[in-house]
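Asks: Just a sequence and a predicted model for now, questions to come.
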Amino acid sequence: MLSKITIWGRKSSFNVQKVLWTLDELGIEYEHRNAGGSFGGLDDPQFRAMNPHSLVPVILDEQGAVWESNSIVRYLCAKHSPGNLWLEEPYARSLADRWIDWAATTLQPNFMQIFWGYYRTPEADRNFRDIERALDNCHRNFRALDAHLANNEYLAGTHFTAADIPAGTTLHRYFGMGLQVEQPPNVLAWFGRLQDRPAYRRNILQPFHDLYGRLAF
Ligand SMILES: N[C@@H](CCC(=O)N[C@@H](CS)C(=O)NCC(=O)O)C(=O)O
């Protein structure tokens, strides 16, 4: 029997963590089902019927299934927190949307290249030229974010919204990988504000050293 919302996805997945953080921010009761990686299950016909791409995270509520982590974050916030985590006035919403899209198309791919290319790849197999390039890109991305945060407490303005979730999820692993990365002060202050949130601590500030040098999930 399904509870009100069910989420599928192994908790070591960055994209699953975004959704778990969101559910907790919204105070939504959910059932978590491990899937993906060593848990498998993504090619089961029932799972494929929910997400034709066979990837986690996926959620299912009384209306149906939703896949793509940032779409899930948007959907949950729009449905359960209109006017707060989800900004409704179109321009205000665009202030949030741009950071969610930027995280998906720019920051996360650059960060992932480092996380996989450096942290998860066994030392002997690392391609340092690719890692350096991705690190330069991340530094540029975080400098731009830092400039924005010089005048804004949160990404869409004065309070925490859905906009903070996708980019905010990168910070713990990015600054905790053991690489010499730039330490932009406004980004670190924002990271500190996120760490004050119990839902962030519970879902994002999780140890990840067991993933070091290991390409398998
Ligand atoms: N763009 C998708 C990416 C989903 C994705 O790549 N999921 C990974 C985990 S982060 C996955 O399902 N990998 C296969 C597995 O874990 O077995 C999203 O944001 O939801």
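Replies: Perfect, I can see it now.
Asks: Have a look at the protein and report its longest helix.
Replies: Of all segments of type helix in the chain, defined using DSSP state H, the longest is helix 128-149.
Asks: after it comes which helix or strand?
Replies: Where DSSP states H and E defines the elements, the next helix or strand beyond helix 128-149 is helix 164-176.
Asks: So is that next one next to the ligand?
Replies: No. Applying CB under 6 Å from any ligand atom, one finds helix 164-176 separated from the ligand by no less than 8.6 Å. From N, CA and C alone the C-beta is placed, and that goes for glycine too.
Asks: Identify each buried residue in that helix, please.
Replies: For helix 164-176, the neighbour count (16 or more other CB atoms under 10 Å) marks 164-174 as buried.
Asks: Quick check: residues of the chain near the ligand?
Replies: Counting by CB under 6 Å from any ligand atom, the residues of the chain close to the ligand are 10, 13-15, 36-37, 42, 55-57, 68-70, 217.
Asks: List the contacts of stretch 106-122.
Replies: Residues from elsewhere that reach stretch 106-122 (CB atoms under 8 Å, 6 or more residues apart in numbering): 14, 126-127, 130-131, 134-135, 137-138, 141, 145, 166-167, 170, 173-174, 177-179, 211-215.
Asks: What average pLDDT does it get?
Replies: For stretch 106-122, the mean pLDDT works out to 97.
Asks: how about that stretch as PDB, C-alpha atoms only?
Replies: What follows is stretch 106-122, C-alpha atoms only, in PDB (Å, rounded to 0.1, in the frame of the first residue of the first chain):
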ATOM      1  CA  THR A 106      26.000  24.700 -15.900                       C
ATOM      2  CA  LEU A 107      27.000  24.200 -12.300                       C
ATOM      3  CA  GLN A 108      25.900  20.600 -11.800                       C
ATOM      4  CA  PRO A 109      27.600  19.300 -15.000                       C
ATOM      5  CA  ASN A 110      30.900  21.000 -14.100                       C
ATOM      6  CA  PHE A 111      30.700  19.800 -10.500                       C
ATOM      7  CA  MET A 112      29.800  16.300 -11.600                       C
ATOM      8  CA  GLN A 113      32.900  16.200 -13.900                       C
ATOM      9  CA  ILE A 114      35.000  16.800 -10.800                       C
ATOM     10  CA  PHE A 115      33.100  14.600  -8.500                       C
ATOM     11  CA  TRP A 116      33.300  11.600 -10.900                       C
ATOM     12  CA  GLY A 117      36.600  12.500 -12.600                       C
ATOM     13  CA  TYR A 118      38.500  13.200  -9.400                       C
ATOM     14  CA  TYR A 119      36.700  11.900  -6.400                       C
ATOM     15  CA  ARG A 120      35.100   8.700  -7.700                       C
ATOM     16  CA  THR A 121      37.700   7.700 -10.200                       C
ATOM     17  CA  PRO A 122      40.600   5.500  -8.900                       C
END
